[in-house]
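Q: model this:
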Amino acid sequence: MPKEAQGWGQVIRFYGLPGIVVLAIAIALAIHISFLPPSTVYLATGQDGTSYKGISEKFEKNFREKGIRLELVATSGLGEGLLDLNSEKSNISASFLTAGVETAKDYPNLVSLGSIQYAPIWIFYKGEPIDTNDPFEYFSDKKISIGSPGNITNKIFKKLYELNQKTLPATNNFIEVSYKEAADQFIAGNLDAVFIVDSVQSETVRRILATPGVQIMNFPLADAYLKKMPALQKLVIPKGSIRLDSVYPPKDITILASTTTLLVEKDMHPAVQWAYLISAKEVGNLNNTFFDTPGYFPKDMDDSFPLSPVAKRFYAQGTPVIFSYLPFWLASIIEDVWAYLLAFFFLIYPVYKLLYSIRMYPAELLMNKMFVNLRELDEAIVQAQSEQDLQIIFEALRIYERDIYQNWLFEKNSRFYFNLKNALASVKRDAESKLGQIKNA
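A: Numbering: from 1, shown residues only. Presented below is the predicted three-dimensional model:
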């Protein structure tokens, strides 16, 4: 054991302070950073028939190319996905959320990766066009589907309804069912209207738009709604833009819209966050989703949840170039630790230089003092009158020689060491010469 301890002592002495500092930084980074991302991550996709399933499938393909397995987990809606994401018992680490209802106040462990698409607010109905300032008052006594209980669509309907009306009445004309069931009943003629919050890419939305005689509710007071709910957007469906041959819709229609936010756990591995953001960008570059142009999304549009640090870097600087040249997992690690490396260079290295200078100063002071003492002895040799005077000088030289050998010096002090040895040898020769002169006198 003593031998092993001596060996480690020699290693530490060999590498010195820089080695100890680098080792400490490596240990700290290893503790702080989980270098390898998880092999499998889970994304809540919402209910069938929505746009989120199609986006999720594109994400899954991009993740596979990056060496990460993305498991898609169907839920009854985005509300259930949010609850699963927030639950410690669930494997789900990411979910979509329609902006405008929930906030980080109730979900402090979740962060945003930004908005990935518009989520238009549709009210579909049949018959003649309806001209009203308050669509919710108009349908307050008619059979309208408003989304499953507890779902985000359901919450948005109630919030919009309560802006002009009182609390939603407990009447049986507000039908709380899934999108698919609502579409089935609407097409079959069992519902007067359908309230849906989803992209035009949604299978359900497309299916309803293809239904003969369907109308889209116009929101003439859209700007006023935006004042009440800042998370919303105003969109316009141009005349004839859905079906040019039959000029549908027959005039411009103004609708409200939210945005779809991608939420993740606050402690999600940075590599997985980069995978989501890069995938969202690749999907956004390819998509032309009627209301936006390719490349418009992802975008930082909703402040209900704070952006993660990775997302802040993404929206401020774009995708780092390093992802184009290195394997995804390695690029994500480097991207995550570069700030720590800069901190080492700009903070720790100057501290090391200061400590180095502090260590050098007393050594150099000692060497200079020894040179001064040798000079004084050299002058004493010239003034010596007897052998006894020279014996005192020889004794002082032996002490200085011992001190020179015993003092540990940095490599930078080597020149002092050899200069001292040469100066000591010169003074000793002068003393021996003077002793010979005294003996021969």
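
Q: Now whichever helix in the chain runs longest: buried residues?
A: Ranked by residue count, the top helix of the chain under DSSP state H comes out as helix 349-383. Residues of helix 349-383 classed as buried by neighbour count (16 or more other CB atoms under 10 Å): 352, 363, 366-367, 370, 373-374, 377, 380-381. In this view, the C-beta of every residue, glycine as well, is placed from N, C-alpha and C.

Q: Now tell me which of those residues the prediction trusts least.
A: Lowest in pLDDT among these is A363, which has 66.

Q: any chance of the buried residues of helix 349-383 in JSON lines, with distance to S93 too?
A: What follows is those, written out as JSON lines (distance: CB to CB, whole Å):
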{"residue": "Y352", "distance to S93": "40"}
{"residue": "A363", "distance to S93": "56"}
{"residue": "L366", "distance to S93": "61"}
{"residue": "M367", "distance to S93": "62"}
{"residue": "M370", "distance to S93": "67"}
{"residue": "N373", "distance to S93": "71"}
{"residue": "L374", "distance to S93": "72"}
{"residue": "L377", "distance to S93": "77"}
{"residue": "A380", "distance to S93": "82"}
{"residue": "I381", "distance to S93": "83"}
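
Q: Show me which of those residues is closest to F418.
A: Distance to F418, by CB to CB, is smallest for M367 among those, at 11.1 Å.

Q: Buried ones in the strand ranked longest in the chain, by neighbour count?
A: Longest strand in the chain by number of residues (criterion: DSSP state E): strand 110-126. Going by neighbour count (16+ other CB under 10 Å), the buried part of strand 110-126 is 110-125.

Q: ok, now stretch 422-430?
A: 423-424, 427-428.

Q: Skipping adjacent residues, who's closest to the residue nearest in space to the middle of the chain in space?
A: The residue lying closest to the centre of the chain (CA atoms, centre = their mean) is V310, at 1.9 Å. What sits nearest to V310 in space, not counting adjacent residues and going by CB to CB, 6 or more residues apart in numbering, is Q273, at 4.2 Å.

Q: and the one you found, how many residues sit next to it?
A: 25 (other CB atoms under 10 Å).

Q: same check, this time on G46
A: Neighbours of G46 using other CB under 10 Å come to 29.

Q: Name the SS class of the closest residue to it other than its chain neighbours, please.
A: With CB to CB, 6+ apart as the criterion, G46 has its nearest non-adjacent residue at 4.3 Å, and that residue is Y52. Counting by DSSP: H, G, I helix; E, B strand; the rest coil, the backbone at Y52 sits in helix.

Q: follow-up on the earlier one: can you name the two of the buried residues of strand 110-126 that are farthest apart?
A: V111 and Y125 (38.5 Å).

Q: In a helix, the residue nearest to V310, correct?
A: Yes - according to three-state DSSP, Q273 belongs to a helix.

Q: Now the element after the helix or strand hosting E395, going C-ward?
A: Using DSSP states H and E, E395 sits within helix 387-406. Per DSSP H and E, the first helix or strand lying C-terminal to helix 387-406 is helix 414-440.
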